[in-house]
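**Student:** just to be clear, the model below is a prediction. Sequence and coordinates:
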Amino acid sequence: MSHSVSLRRRLTDRTARVGVVGLGYVGLPLAVEFARAGFVTTGIDLDRRKIDAVNQGTSYIPDVQTAEVARLVSGRKLDATDDFSIVAELDTINICVPTPLRKTKDPDMSYIVSAVEKIAQYLHPGMLIILESTTYPGTTEELVQPMLEAGGLKAGVDFFLAFSPERVDPGNPTFNTHNVPKVVGGVGPESTELASLLYGAAIETIVPVSSPQAAEMVKLLENTFRMVNIGLVNEIALMCDRLGLDVWEVVNAAATKPFGFMPFYPGPGLGGHCIPIDPFYLSWKAKQTGFDPRFIELAGQINGGMPHFVVEKITDALNRHQKSINGSTVLILGIAYKRDIDDMRESPSLDVMALLHQKGAHVRYADPYVPTLSARAWHGGFDMQTDAITPSALAEADCVAILTEHRTVDYDMVLNSSRLIVDTRNAISGKHAHVFKLGAPAPVMTVQDRMPAANEKAVA
Ligand code: SAJ
């Protein structure tokens, strides 16, 4: 019996042994979906805490219910290990490891290389290997395939190889691993078909494409689309600031167009582990071909400049109160990279805090989702703990800067308790003399706002 026929049968009757390398916010939900579909599934990770948590039937990923992990583990459908020799017993493996950027904005492929090296040691005929980590077009065929074929097995014949981009949106209440369509591109038609069969057992909609490279590019288009459009709306905000227009009013009115428009909103910059990073995998690859990816570079510059613009806005606001940044207490409201989550990776709030600190401000923060902040994370030289968001904490600050608009925060209380507010997320509605908004006209300066010149008597 051919390898593909044999694997097809085991995928169809759910007797295939399934493995997932990398038990993070992508890998654990995927392993749970495979186990829920009836496959005996083994998670492989280097982090003993993750392994122990899974084997004890608990989840450390908010989108994965502990009760579900417990049910699957007690039902012997799910377990975890750090021992790659288990690969010898597996029929399929999904690789869900990080693909960060180096400081030079070049791809860091070390996690993928490390995982593939370990898998290659135990690769056996008939296996299906699927890479899910977001990466540059060509990774699967140019990097992974040769490493796996080094032992003499041929991809698409002796074993099967595909790429399928992860589309996990942590904290999304509507879309999850089970119901988000899954794009799949294999090395040869049988790889695509077998990968589609595996995913089809656990995920509602499968979208086969012609190659792994096409599937890799699909993901990069998705996230480059977001990064470029966020850059566009941030530049529109900078224009509105100059033109005395309110970008929030403009975007919300444009969003009433029922076709041909999709609203994006300005902010203090671009955070997260996907959007600020993925496009630079594409631009890196494009440059290898001698192509100049101008949109990505330009959007990167605009988004990367937003923290500086926010600090200018804070400077202007403090100036209105005849204060300098140096010596002022600035309370940063929200340091997660986007609202209603606890993830701070690449958060622009951290850049704003570092810039303020360098200028002599006394920086504090308050974020209900982030109890502590290490010195290393914000380059401020000392660890911090979140302030409580209380009227007194707000009143103590010379300026409160809203950088992430968690929905659990009472913004009426923020408005009424703060002496001065810089709002970068349109969290405060209406116009107020003490609220400066990103991308909107500053409150009108009154006579009382003006500091009398040294030789003038103070105006009564
Ligand atoms: N941001 C803006 N303005 C916007 C949208 C986002 O400034 O209009 C900022 C956010 O504050 C954040 C950064 O951009 O700092 C990224 O935000 P995001 O909404 O893109 O959220 P992510 O990074 O969690 O992106 C994920 C991605 N999911 C995957 O890669 C699988 C992305 O493709 C999703 O579209 C996105 O979630 C989503 O829609 O929530």
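**Tutor:** Perfect, thanks for sending it.
**Student:** A253: neighbour count?
**Tutor:** Per other C-beta atoms under 10 Å, the neighbour tally for A253 reads 11. Quick note: C-beta positions are derived from backbone N, CA and C, even for glycine.
**Student:** scratch that, P107 is what I was asking about
**Tutor:** By other C-beta under 10 Å, the residues close to P107 number 21.
**Student:** show me the contacts for it.
**Tutor:** T99, L101, T135, Y136, F280, Y281, W284 (C-beta atoms under 8 Å, 6 or more residues apart in numbering).
**Student:** the residue nearest to the first one when sequence neighbours are not counted sits in which helix or strand?
**Tutor:** So the one you mean is T99. Leaving aside its sequence neighbours, T99 sits nearest to S133 (C-beta to C-beta, 6 or more residues apart in numbering; 4.6 Å). Counting by DSSP states H and E, S133 is held by no secondary-structure element, helix or strand.
**Student:** what about the contacts of P107, which are in helices?
**Tutor:** Among the contacts of P107, the ones falling in helices (DSSP state H) are F280, Y281, W284.
**Student:** thinking again about what came up before, got TSV for the contacts of P107, with distance to the ligand and neighbour count too?
**Tutor:** What follows is the contacts of P107, written out as TSV (distance: C-beta to the nearest ligand atom, whole Å; neighbours: other C-beta atoms under 10 Å):
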residue	distance to the ligand	neighbour count
T99	11	22
L101	14	16
T135	13	24
Y136	15	23
F280	14	23
Y281	12	27
W284	18	17
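**Student:** export those residues to a markdown table and tack on pLDDT?
**Tutor:** Converted to a markdown table, those look like this (pLDDT from 0 to 100):
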| residue | pLDDT |
| --- | --- |
| T99 | 96 |
| L101 | 93 |
| T135 | 98 |
| Y136 | 97 |
| F280 | 94 |
| Y281 | 96 |
| W284 | 96 |
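**Student:** which residues of this protein lie near the ligand?
**Tutor:** 166-169, 222-223, 226, 230, 264-265, 267, 270-272, 274-275, 337-338 (C-beta under 6 Å from any ligand atom).
**Student:** out of those, which are buried?
**Tutor:** For the residues of the chain next to the ligand, a burial check counting by 16 or more other C-beta atoms under 10 Å picks out 166-168, 222-223, 226, 230, 264-265, 267, 270-272, 274-275, 337-338.
**Student:** what about the chain, any weak spots by pLDDT?
**Tutor:** Scanning the chain for pLDDT under 70 picks out 457-460.
**Student:** domains of it?
**Tutor:** Following automatic domain parsing, one finds the domains of the chain at 3-209, 220-297, 303-459.
**Student:** all helices of the stretch 101-250 of the chain, in order?
**Tutor:** Per DSSP state H, counting those that start in this stretch, the stretch 101-250 of the chain carries helices over the ranges 110-122, 139, 145-149, 189-200, 212-243, 247-254.
**Student:** who wins for proximity to R9 among those helices?
**Tutor:** Closest of those to R9 is helix 189-200, at 10.2 Å (criterion: C-beta to C-beta).
**Student:** helices or strands next to the closest one in the packing?
**Tutor:** If contacts are counted by 3 or more C-beta pairs under 8 Å, 6 or more residues apart in numbering; DSSP states H and E, helix 189-200 sits against helix 3-12, strand 128-131, strand 160-163, strand 182-186, strand 206-209.
**Student:** what is the third one packed up against?
**Tutor:** It refers to strand 160-163. helix 3-12, strand 128-131, strand 182-186, helix 189-200, helix 212-243.
**Student:** list of residues touching that strand?
**Tutor:** Strand 160-163 has contacts (C-beta under 8 Å, 6+ apart) with 3-4, 7, 127-132, 139-140, 144-145, 148, 155, 184-188, 190-192, 194-195, 212-213, 215-216.
**Student:** ok, of these, which come out buried?
**Tutor:** Looks like those have 3-4, 7, 127-132, 139-140, 144-145, 148, 155, 184-188, 190-192, 194-195, 212-213, 215-216 buried, using 16+ other C-beta under 10 Å.
**Student:** who's in contact with the closest residue in space to R102 that isn't next to it in sequence?
**Tutor:** The shortest distance from R102 to any non-neighbouring residue, by C-beta to C-beta, 6+ apart, is to D108 (5.0 Å). Residues counted as contacts of D108 (C-beta under 8 Å, 6+ apart) are T99, P100, L101, R102.
**Student:** D108 and the ligand, how far apart?
**Tutor:** 17 Å (C-beta to the nearest ligand atom, to the nearest Å).
**Student:** so who does P165 touch?
**Tutor:** Going by C-beta under 8 Å, 6+ apart, P165 touches E132, T134, V183, A215, E216, V218, K219, E222.
**Student:** can you redo these as JSON lines with distance to D343?
**Tutor:** Below are those laid out as JSON lines (distance: C-beta to C-beta, whole Å):
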{"residue": "E132", "distance to D343": "19"}
{"residue": "T134", "distance to D343": "16"}
{"residue": "V183", "distance to D343": "24"}
{"residue": "A215", "distance to D343": "25"}
{"residue": "E216", "distance to D343": "24"}
{"residue": "V218", "distance to D343": "24"}
{"residue": "K219", "distance to D343": "19"}
{"residue": "E222", "distance to D343": "19"}
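**Student:** quick one: the helices in the stretch 251-400 of the chain, in order.
**Tutor:** Along the stretch 251-400 of the chain, the stretches classed as helices by DSSP H, counting those that start in this stretch are 278-288, 294-320, 348-358, 375-378, 391-396.
**Student:** just checking the distance from the second one to the centre of its chain.
**Tutor:** Averaged C-alpha coordinates place helix 294-320 at 20 Å from its chain's average position (C-alpha atoms, centre = their mean, to the nearest Å).
**Student:** kindly report the same for the shortest one.
**Tutor:** Centroid separation between helix 375-378 and its chain, computed with C-alpha atoms, centre = their mean, is 19 Å.
**Student:** which elements pack onto it?
**Tutor:** On a contact count with 3+ C-beta pairs under 8 Å, 6+ apart, helix 375-378 meets helix 348-358.
**Student:** residues of the helix it packs on that come out buried?
**Tutor:** Using 16+ other C-beta under 10 Å as the test for burial, helix 348-358 gives P348, S349, L350, D351, V352, M353, A354, L355, L356, H357.
**Student:** looking at the helices and strands packed on helix 189-200, which is nearest to A442?
**Tutor:** Ranking the helices and strands packed on helix 189-200 by proximity to A442 (C-beta to C-beta) places strand 182-186 first, at 45.7 Å.
**Student:** dump the helices of the stretch 101-250 of the chain into CSV; add distance to V311 as well.
**Tutor:** Output for these, formatted as CSV (distance: least, C-beta to C-beta, whole Å):
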stretch, distance to V311
helix 110-122, 34
helix 139, 37
helix 145-149, 45
helix 189-200, 46
helix 212-243, 14
helix 247-254, 18
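**Student:** for C399, find the nearest of these.
**Tutor:** Evaluated over those, closeness to C399 peaks at helix 212-243, with 17.7 Å, by C-beta to C-beta.
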